[in-house]
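S.K.: Fold the following.
(one chain, ligands or ions: 2)
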Amino acid sequence: MSLELAAPRQSAPSVADDGVWLECIACSEQFAPFDDIRYTCDDCDGLLEVRYADPPTWDDFEGRGVWRYSAALPFAEGVTLPEGDTPLHDVPRLEEDIGVDRLRIKHEGMNPTGSFKDRGMTVGVRVAKELGVDRLACASTGNTSAALAAYGARGGMETLVLLPAGKVAAGKIAQASLHDARILEVDGNFDSCLDIVQDLAARGEAYLLNSLNPFRLEGQKTIGLEIMEQFRDEEGDYPDRIVLPVGNAGNTSALYKCFRELVQSGALAESDVPKLTGVQAEGAAPMVEAVEAGNDEVRRWESVETRATAIRIGNPVNAPKALPGIRNTGGTAVAVSDERITDAQRALAGEGVGVEPASAASVAGLRKLREQGRIAADEQVVCLTTGHLLKDPDAAFEAGDDPEPVPNDTDAVLAHLADD
Ligand SMILES: Cc1ncc(COP(=O)(O)O)c(C=O)c1O
Ligand SMILES: N[C@@H](CCOP(=O)(O)O)C(=O)O
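M.R.: Numbers count the residues shown, from 1 in each chain. Ligands and ions are numbered 1, 2, ... in the order given. Predicted coordinates for the structure are as follows:
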C-alpha cells in the first residue's frame, strides 16, 4: 500500500490564520483561508484543501456530534441543528448472507435533514458567515439542497438551489421548499446545474456550498473520525474497509483527508487506514471507469441514468482528490445495477435500517465485490448509508409491498389473513 499520507507536519505559512490555510492540491500554492472567497486555485484552478499546522489526536476530541471534532476543524463551533453522532448498526443477517467477518452500517440518514450533507453544511454555513456573504447557493440531486435550505434558515441567510427538473426525489424538494429556499428547476442534469452555480459564484452572485467548497469537506471528514472511534470502541480494532456510494466524490475525498491527518498527527498507523471502496450505479459510473482503466483523470459522462437519483452524476468534481484516496488506501471501485441497489435497499430494510436507493449502493457494491472474490471473507467492513428512506418515498413504495385493502370488520380481517 502506498499511502502518500504521512507528510510531515507543516509549520504554518505566513498566510495562515490561527494555524489554518488553504492549499492547492495540484500546485501547492497557499492562500489565507478567510481573506477572500475562492473555491479553486487562483493560479492553476486546481482543487483546494484546508490545511492545519497541528492536526489533532484522539485526546483532543470531546463532546458529541460534528463539533466533538472541532480540533480537526477551522472553528470551535458552527451553525448547528445539531448533526453527526449517527448510529453504527450491526446487521447480523446481512453480515452472514454477504459473508464477511464483520459488517457495520454507518447510517448517515439519521442526521437532522436525513443525510450526511448536514455535516458539511454546519461548517460551510459557519464559513459563509465569517466571509460575510449574502446568498448561499448549490446545485443538487436533492440532499445538498435540503441541507443547505435548513442550515441557511438556521443561520438566517438567503438560499438558492438549482435542481435537475424531474429528477429529484419528493422528500428532498419538500424539505428545500419548506425551509424557504428559492428553488430553480433546470432543464438539464445535475452537472449542468453545477456549471451554472459555479458561474453564479464566479460572478459574485452567490456563495457556492457544493462539495467543491473545501470547507464543506472538513465537516464531512467527521464521518471518518466517528467511524474509527465507534468501531474501535465496539470491536477493539479499526475497520479494514469502508464502502461508500460515490456521486460528486466529496465523501471519498473527505475520508481520505481524515485518514491522512490522523496518520500525520500520529493518531493512526498507516497500516490501520481502511481501504476506501467506491460504488456507483452502472448508469453513472465515471469514477469506476477511471479506476478500472487506471486513468488519472475521470471522463465526464454527458448522459447518466439511475433509479438512485442522488448519485445520478456524470462529472464528479472531487475526482482529483478522490481517485488518490481510493488508490493510495488500497481500495477499489465497482458499478452496480439498479436491481442490485433495490435488493440491497430491501435487505437493509429487513434489518430495520431504512435508506434511500443511493445509500443502498454501498451494500450492493460490497455484495458484488464478495461474489467476485475481490473482498475476502475475513474482512471487517463498514458500509456508509448516506440518506434516509423517507427522502425518496416513491422508490420505497416501488421496492416494498403494496398495502392490502380489507373490509372494516375484524372477522373479515382474520379471514383475509387466513387466506395467505
Ligand atoms: C444520498 C447520497 N448518497 C451518496 C451521495 C454521493 O456522495 P458524494 O457526492 O460525496 O460522492 C449523495 C450526493 O452526492 C447523496 O445524496
Ligand atoms: N447528491 C448530491 C449531489 C451534490 O453533491 P455535493 O456534495 O457536491 O453538494 C446532492 O444531494 O445534491
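S.K.: Could you confirm residue 49 falls within a strand?
M.R.: Yes - assessed with DSSP: H, G, I helix; E, B strand; the rest coil, residue 49 lies in a strand.
S.K.: Now do the contacts for it.
M.R.: By CB atoms under 8 Å, 6 or more residues apart in numbering, residue 49 lies in contact with 22, 23, 24, 25, 214, 217, 257, 321. From N, CA and C alone the C-beta is placed, and that goes for glycine too.
S.K.: Touching, the first one and residue 214? I think so.
M.R.: Yes - checked against CB atoms under 8 Å, the pair residue 22 and residue 214 is within contact range at 6.4 Å.
S.K.: Save the contacts of residue 49 as TSV, and put in pLDDT and neighbour count too.
M.R.: Listed next are the contacts of residue 49 as TSV, based on pLDDT from 0 to 100; neighbours: other CB atoms under 10 Å:
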residue	pLDDT	neighbour count
22	98	25
23	98	21
24	98	20
25	98	16
214	98	27
217	98	28
257	98	25
321	98	24
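S.K.: Cross-reference these with the helices and report the matches.
M.R.: Of the contacts of residue 49, the ones assigned to helices by DSSP state H are 214, 217, 257, 321.
S.K.: just the residues you listed now: which is nearest ligand 1?
M.R.: Of all those, ligand 1 sits closest to residue 217, with 8.7 Å by CB to the nearest ligand atom.
S.K.: In contact with the residue of the stretch 1-150 of the chain found nearest ligand 1: list those residues for me.
M.R.: Among all residues of the stretch 1-150 of the chain, residue 143 sits closest to ligand 1, at 3.6 Å; criterion: CB to the nearest ligand atom. Contacts for residue 143 were tallied using CB under 8 Å, 6+ apart; they are 113, 114, 115, 116, 117, 172, 310, 386, 387, 391.
S.K.: out of these, who's near ligand 1?
M.R.: Among the contacts of residue 143, the residues within reach of ligand 1 (CB under 6 Å from any ligand atom) are 115, 310, 386, 387.
S.K.: ok, and the closest non-adjacent residue to the residue of the stretch 1-150 of the chain closest to ligand 1?
M.R.: Nearest non-adjacent residue to residue 143, counting by CB to CB, 6 or more residues apart in numbering: residue 115, 4.0 Å away.
S.K.: Surely the one you found and residue 107 touch.
M.R.: No - counting by CB under 8 Å, residue 107 is not a contact partner of residue 115; they are 10.5 Å apart.
S.K.: roughly how far apart are residue 383 and ligand 1?
M.R.: To ligand 1, residue 383 is 12 Å away according to CB to the nearest ligand atom, to the nearest Å.
S.K.: elements contacting the helix or strand hosting that residue?
M.R.: Here residue 383 sits within strand 380-385, counting by DSSP states H and E. When contacts are defined as 3 or more CB pairs under 8 Å, 6 or more residues apart in numbering; DSSP states H and E, strand 380-385 packs onto strand 102-107, helix 214-235, strand 241-245, helix 357-371.
S.K.: hmm, 6 Å instead?
M.R.: strand 102-107, strand 241-245, helix 357-371 (3 or more CB pairs under 6 Å, 6 or more residues apart in numbering; DSSP states H and E).
S.K.: Adding distance to ligand 2, mean neighbour count and mean pLDDT as columns, could you present the ones you listed in a markdown table?
M.R.: Output for the helices and strands packed on strand 380-385, formatted as a markdown table (distance: least, CB to the nearest ligand atom, whole Å; neighbours: other CB atoms under 10 Å; pLDDT from 0 to 100):
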| stretch | distance to ligand 2 | mean neighbour count | mean pLDDT |
| --- | --- | --- | --- |
| strand 102-107 | 17 | 23 | 98 |
| strand 241-245 | 9 | 27 | 99 |
| helix 357-371 | 7 | 27 | 99 |
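S.K.: can I get those in CSV with distance to residue 48?
M.R.: What follows is the helices and strands packed on strand 380-385, written out as CSV (distance: least, CB to CB, whole Å):
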stretch, distance to residue 48
strand 102-107, 27
strand 241-245, 22
helix 357-371, 26
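S.K.: Adding distance to ligand 1, write the ones you listed out as a markdown table.
M.R.: Shown next, in a markdown table, are these (distance: least, CB to the nearest ligand atom, whole Å):
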| stretch | distance to ligand 1 |
| --- | --- |
| strand 102-107 | 11 |
| strand 241-245 | 4 |
| helix 357-371 | 4 |
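S.K.: how near is residue 305 to residue 164?
M.R.: Applying CB to CB, to the nearest Å, one obtains 12 Å for the distance of residue 305 from residue 164.
S.K.: follow-up on the earlier one: output the strand holding residue 383 in PDB with nothing but the alpha carbons.
M.R.: Output in PDB follows, covering the C-alpha atoms of strand 380-385 (Å, rounded to 0.1, in the frame of the first residue of the first chain):
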ATOM      1  CA  GLN A 380     -14.200  -6.200   8.800                       C
ATOM      2  CA  VAL A 381     -16.300  -3.700   6.700                       C
ATOM      3  CA  VAL A 382     -18.300  -0.600   7.300                       C
ATOM      4  CA  CYS A 383     -20.800   0.400   4.700                       C
ATOM      5  CA  LEU A 384     -21.900   4.000   4.600                       C
ATOM      6  CA  THR A 385     -25.600   4.600   4.100                       C
END
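S.K.: tell me the mean pLDDT over the helix or strand just after that strand?
M.R.: Using DSSP H and E, the next helix or strand after strand 380-385 towards the C-terminus is helix 393-399. Helix 393-399 carries an average pLDDT of 98.
S.K.: quick check, distance from the very next helix or strand once past helix 393-399 to the centre of its chain.
M.R.: Using DSSP H and E, the helix or strand that follows helix 393-399 in sequence is helix 410-418. Mean C-alpha position of helix 410-418 versus that of the full chain (CA atoms, centre = their mean, to the nearest Å) differs by 46 Å.
S.K.: Right, I'll call it a day here.
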